[in-house]
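Visitor: here's my sequence, what's the structure:
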Amino acid sequence: MKSAVATLVASVTAASLVLPEGVSAQSASPRYELSVERIHGEVYNPWTLEMDAVELRAFQGEGGQGLVAPTMRVSPGEILSLRVQNKLATCSPEEIAQLECYNSTNIHTHGLWVSPSGNSDNVMISISPGEQFEYEFVIPPDHPSGTFWYHPHMHGATSIQLGSGMAGALIIDGDRVPTMTSPGDIDILFSQPNGQSFGEKIMVFSQIQYGCHDQEGKLKAPRSPDPEARPWEHPAWACEASDVGTVDRWSQFGVSMENRSKRFTGINGQVHPTLSVLETGRFQRLRMIHAGLRHAVRMSIRRLVDGAPPLRDVPAQDHRAWIAQNCTGEPIEQFHFADDGLTRTAFRRTTQISMFPGSRLDSLVYFEQPGLYCMVDDQRWQMQPDEYRMLGILEVSGRTAAVANVAGHLAETLMATAEQRITDSAVRERIVADLSDGLKIGSFSWHEPVSDEEITGYQKAAMTIEVHEDGSETYSIDGQPHEHGRIDRLLTVGDAEEWELTSTLGGHPFHIHVNPFQVVAIRDREGRDVTIEGSEAYDPDYGGMIGGWRDTLIVKQGRVVTMRTRYRRYIGDFVMHCHLASHGDMGMMQNVRLKMPGNQHTANKEFLILD
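Guide: Residues are numbered from 1 along each chain as shown. A predicted model of the protein is given here:
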């Protein structure tokens, strides 16, 4: 008897595939194979200065390294073929009943503008242990190039699997030259005048929530003697030399436990790594992906003083003093040019980037001096006003390559490349003029603003936590926890709508699949714009957001976010949710159906692209 997954594979494979103009099923499109396995590895523990042994679920495949999932790359107009084989153990009925086994899985291509149906970005399917699934993601020829990612999206198991580090980069590479009527890919400008490409560093930020257990199966989570201690005031979770840390139980998750564990944010599967292959004298592209569970990343880059004690020799409790004494150089300016894989209309100059779970950010940096640089994570907040942590060390090689003004040098470099790469004189002159006028790059932005005249309707969504008298909590959007099979929003292809997003308690990274959205306004309770730098109401987590396009956005309590979006091209069922993984698993999610005009019952059974 065929399994449900095998039946689904057969049905979608047999169905006719309608491809957009410019996409060929016979083209040399990339093919990848991933297996989902339990692997043994080690994670550095800054609290003990030891390597903790772990056994974790992981994506394995060519190009991956242990806990780091392989990077997948594809170009617009290609079909990304992906075979996923689930090699995890079958769960027993008892394990399932006791919420102790989370071995079914699937794949979400986070941020891709592709179909949510069939064997494309369909998070409604389940790949059971012992099964395999053939995905085909048709990348339309007008898909923006940029930084995207993939991860499991198995409802109820996302925390367990993402909390094991199951995530990888998915890069859309592009070489399209702008015309007077269509945008191009910013990638074509990223080379030195001598033809050498800019450097590239992919950084996947993860928060692996492993825990160790005693012989009775009790989590080794020591408590403070103070009965009034708050979650972050307890000692860090403990692991002995003979222990093996795992991520197997739902009890390891939630706001309290994710703070009590005191696990550090890692990069590319390592805690406090030293990242190399960076050079002086040429710009470096940082592709940053927040694949973590809860904590924001607010990163600045500063020169590490010569002779500083090695980071991995410094206990976690001494990090603040170590940072203050050794990460003393002026912050390296970052030229922020893309959010969630989507190129902005202008570079934004900043010395600290902010990212929340699910989001991505691309920036260019230029190192004038070789040596070691600190990646400092600003974790300050109301309850911990002096909390800084280290993310890792950047090792920069080469010779001194000082320039009079880095921003001016960037503009000159990009203009010189534009002169070489763009043959149409009118397009070239426009791009050079934009670059000389505040580093504007509108010719590389693929989404036009949504005008007032386009708006066909309005939506509201409130990210809600209801705390009950017994201390229990209910997580939902608009007061209704997620329910399989219930369609919460019925939207129509071709419409454009304005949304209002709010939070009743806490902050929540809002993410919606398929179509990105444009940020129109973000205001506080008094109606003040919180995005204006230097204003009394300014919130740096929202700096530079107005007018930009993205698929993930932090919605804080006391903020009202207004965004606009177009429902283009694809029909089918998908979800919107909080990207704090445990919140989504606990019900802060809605099912969305995108239908044809006039059709009230379009089901998630077919793969269709509409022009």
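
Visitor: can we go C-alpha only for contacts and neighbour counts from here?
Guide: OK.

Visitor: gap between stretch 552-559 and the chain center?
Guide: Counting by Cα atoms, centre = their mean, to the nearest Å, stretch 552-559 is centred 16 Å from the centre of its parent chain.

Visitor: kindly export it (C-alpha atoms) in CSV.
Guide: Extracted in CSV, the C-alpha atoms of stretch 552-559 (Å, rounded to 0.1, in the frame of the first residue of the first chain):
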residue,chain,number,x,y,z
THR,A,552,9.5,39.1,7.5
LEU,A,553,9.1,42.0,9.9
ILE,A,554,9.3,42.4,13.7
VAL,A,555,5.9,43.5,15.1
LYS,A,556,6.5,44.9,18.6
GLN,A,557,3.9,45.5,21.3
GLY,A,558,2.8,49.1,21.1
ARG,A,559,3.6,49.4,17.4
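
Visitor: helices of the chain, start to end?
Guide: Taking DSSP state H, the helices of the chain run over residues 4-14, 93-97, 158-162, 255-260, 319-326, 406-421, 425-436, 581-585.

Visitor: redo these as TSV? Include mean neighbour count, mean pLDDT and distance to Gly66.
Guide: Formatted as TSV, the helices of the chain follow (neighbours: other Cα atoms under 10 Å; pLDDT from 0 to 100; distance: least, Cα to Cα, whole Å):
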stretch	mean neighbour count	mean pLDDT	distance to Gly66
helix 4-14	15	34	28
helix 93-97	11	81	27
helix 158-162	28	94	15
helix 255-260	17	85	23
helix 319-326	15	93	27
helix 406-421	18	95	36
helix 425-436	17	96	42
helix 581-585	26	94	23
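
Visitor: Thr105: which of these is closest?
Guide: If you check each of the helices of the chain against Thr105 by Cα to Cα, helix 158-162 wins as the nearest, at 8.3 Å.

Visitor: where does the stretch 451-600 of the chain have low pLDDT?
Guide: Residues of the stretch 451-600 of the chain that meet the criterion pLDDT under 70 lie in 599-600.

Visitor: before we move on, back to that, between the helices of the chain, which gets nearest to Arg38?
Guide: That would be helix 158-162 among these, by Cα to Cα, at 10.9 Å.

Visitor: ok, and what's touching that closest one?
Guide: Residues outside helix 158-162 that contact it (Cα atoms under 8 Å, 6 or more residues apart in numbering): 57, 102, 151-152, 208, 247-250, 253, 291-293, 581-582, 585.

Visitor: filter these to the buried ones?
Guide: 57, 102, 151-152, 208, 247-250, 253, 291-293, 581-582, 585 (16 or more other Cα atoms under 10 Å).

Visitor: quick check, nearest of these to Asn45?
Guide: Ile208 (11.2 Å).

Visitor: how close does the nearest residue to Leu219 once chain neighbours are set aside sit to Ser120?
Guide: Spatial nearest neighbour of Leu219, excluding adjacent residues (Cα to Cα, 6 or more residues apart in numbering): His213 at 4.4 Å. As judged by Cα to Cα, to the nearest Å, His213 and Ser120 stand 39 Å apart.

Visitor: and these two? Which one has more around it.
Guide: Between His213 and Ser120, Ser120 has the larger neighbour count (other Cα atoms under 10 Å), namely 22 against 17.

Visitor: next one: the more buried one, what pLDDT does it get?
Guide: pLDDT for Ser120: 96.

Visitor: please report how far it lies from Ile139.
Guide: For Ser120, the distance to Ile139 (Cα to Cα) stands at 10 Å.

Visitor: common neighbours of the two, please.
Guide: Listed as contacting both Ser120 and Ile139 by Cα under 8 Å, 6+ apart are Val114.

Visitor: that older thread, now the helices of the chain as CSV including distance to Pro116?
Guide: Shown next, in CSV, are the helices of the chain (distance: least, Cα to Cα, whole Å):
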stretch, distance to Pro116
helix 4-14, 13
helix 93-97, 28
helix 158-162, 18
helix 255-260, 30
helix 319-326, 44
helix 406-421, 36
helix 425-436, 35
helix 581-585, 18
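
Visitor: show me the one of those that comes nearest Ile107.
Guide: Closest among the helices of the chain, using Cα to Cα: helix 158-162, at 10.5 Å.

Visitor: ok, Gln252 touching His213?
Guide: No. The criterion here is Cα atoms under 8 Å, and Gln252 misses it with His213 at 11.1 Å.

Visitor: how is this structure divided into domains?
Guide: Annotated domains of the chain cover 4-174, 452-595 [automatic domain parsing].

Visitor: let's have these in a markdown table, adding distance to Val376.
Guide: Below are these laid out as a markdown table (distance: least, Cα to Cα, whole Å):
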| stretch | distance to Val376 |
| --- | --- |
| domain 4-174 | 15 |
| domain 452-595 | 16 |
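
Visitor: among those domains, which is nearest Val427?
Guide: When the domains of the chain are compared by Cα to Cα, domain 4-174 sits nearest Val427, at 18.0 Å.

Visitor: any idea how far the closest one is from the middle of the chain?
Guide: Using Cα atoms, centre = their mean, the mean C-alpha position of domain 4-174 is found 14 Å from that of the whole chain.

Visitor: equivalent analysis for stretch 259-270, please.
Guide: Using Cα atoms, centre = their mean, the distance from the centre of stretch 259-270 to the centre of the chain it belongs to is 16 Å.

Visitor: need the distance between the two termini of that stretch.
Guide: 19 Å.

Visitor: and what of stretch 430-449?
Guide: End-to-end span of stretch 430-449 (Cα to Cα): 20 Å.

Visitor: the closest residue to Asp478 other than its chain neighbours and Leu435, how far apart?
Guide: Among residues not flanking Asp478 along the chain, Ala462 sits closest, at 5.1 Å (Cα to Cα, 6+ apart). Per Cα to Cα, Ala462 is found 40 Å from Leu435.

Visitor: likewise Ala461?
Guide: Going from Ala461 to Leu435 by Cα to Cα gives 38 Å.

Visitor: what does Arg287 give?
Guide: Applying Cα to Cα to Arg287 and Leu435 gives a distance of 22 Å.

Visitor: pretty sure Met390 contacts Tyr373?
Guide: No. Assessed by Cα under 8 Å, Met390 is found out of contact with Tyr373, at 11.0 Å.

Visitor: Val530: what's it in contact with?
Guide: Shown in contact with Val530 (Cα under 8 Å, 6+ apart): Ile522, Arg523, Asp524, Ala537, Tyr538, Asp539, Tyr542.

Visitor: okay then, goodbye and thanks.
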